[in-house]
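> Got a predicted structure here, sequence first:
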Amino acid sequence: MTDTSILPDGFWVRPAKIDDLEAVVRVQNAQELADFGQLLSDRESLKRLWQGHIFDLQADTWVVGAPDGRIVSYASVRGPGRVRLFANVWLFPEYTGHGIGSYLLRCAEKRALSWVGEAPMGARVTMGASWVGERNQRAQHLLECAGYEKIYSFAHMELELDRPSVSPPSDESIIIREFCSGDDEQAVYVADEESARDEQGHVPQTFEVWRQWHLSDTTLLFVAWDGSEAAGLVRGEAMGEQGWIWHLGVRPRWRRRGLGISLLQYIQREFARRGLRAMKLNVDMFSLTGAFRLYERAGMRTSFHYHTFEKELRAGQDTRV
């Protein structure tokens, strides 16, 4: 463990426990309100992450507590593919300026460095810090001082679901339906990987890694089929009264045929049918696929911006697109 002597007197650190769920969500929500003006995290989503088989709660998380026992900060690190690693640090705003964020970032980096040897031979390995709010200039300065560089800027977009509408695919040969476990995995994997190649920073994944990260919950996974080929997909999640879209992708051969809008409107209808009040997503402002413009045409509006910072842990060939 990183030296705790840099923390304020009486403060302590340990791995998160399942009993910390409520306290950690309070920390996340406090920073979200300060940085973004709204709540984004919820208990059930965090619980699913912590209980997932690809996440080691004991080794991949940290909570910092005040002398009165209250948890005031939380951090986690994850490393899909062991090539592009990510850390997140949350902190009650009133505790900024005490070295807690810097301390947790170093804890996350130390854990990430232990994964570097698992990356493919010769591959470049990076450490990213995501969800850094545009408002949070202190966090941006901290990352820059620690050797991180701003590499991506995202827009958080929303649409109220008071007037849902659905248009059928412009190509009548396309059928959109729910993901069918046991039958669709391989075809959807091929479609997901191919559609994501144009996304900045995408790291190709093996089928096994992809399945672990993307098929843990297929409740709101919908696939567009052209005969036996998966032409595109959209994957979402219900969080409280909000419907989140985690990924929408169309394979190059099927683009410019209205399929992206059709997939978006399809999941919009599903969210509305479940009684959700808003549809939300995050999109790269400079996406090569023009995704930001597509969502604007669909009536979605930007509510805030945030950034991803990155630091190189091992030089090598960049496996990202």
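Received it, and whenever you're ready, just let me know what you need.

> Tell me which residues touch Val27, please.
Val27 is in contact with 71-74, 90-92, counting by CB atoms under 8 Å, 6 or more residues apart in numbering. C-betas here are computed from N, CA, C, even on glycine.

> ok, of those residues, which come out buried?
Burial by neighbour count, judged by 16 or more other CB atoms under 10 Å, picks out 71-74, 90-92 from these.

> all strands of the stretch 1-150 of the chain, in order?
Per DSSP state E, counting those that start in this stretch, the stretch 1-150 of the chain carries strands over the ranges 12-14, 61-65, 71-78, 84-91, 125-133, 149-160.

> Which among those is found nearest to Glu109?
The closest approach between Glu109 and any of the strands of the stretch 1-150 of the chain, judged by CB to CB, belongs to strand 125-133 at 6.0 Å.

> Which of the residues in that closest one are classified as buried?
125-129, 131-133.

> cool, stretch 57-66 as well?
57, 60-66.

> Reformat those as JSON lines; add pLDDT and distance to Ala30.
Output for these, formatted as JSON lines (pLDDT from 0 to 100; distance: CB to CB, whole Å):
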{"residue": "Leu57", "pLDDT": "95", "distance to Ala30": "22"}
{"residue": "Asp60", "pLDDT": "96", "distance to Ala30": "22"}
{"residue": "Thr61", "pLDDT": "97", "distance to Ala30": "18"}
{"residue": "Trp62", "pLDDT": "98", "distance to Ala30": "17"}
{"residue": "Val63", "pLDDT": "98", "distance to Ala30": "14"}
{"residue": "Val64", "pLDDT": "98", "distance to Ala30": "14"}
{"residue": "Gly65", "pLDDT": "97", "distance to Ala30": "15"}
{"residue": "Ala66", "pLDDT": "97", "distance to Ala30": "14"}
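
> and the two most separated of the residues you listed?
Greatest spacing in the buried residues of stretch 57-66, by CB to CB: Asp60 and Ala66 (22.7 Å).
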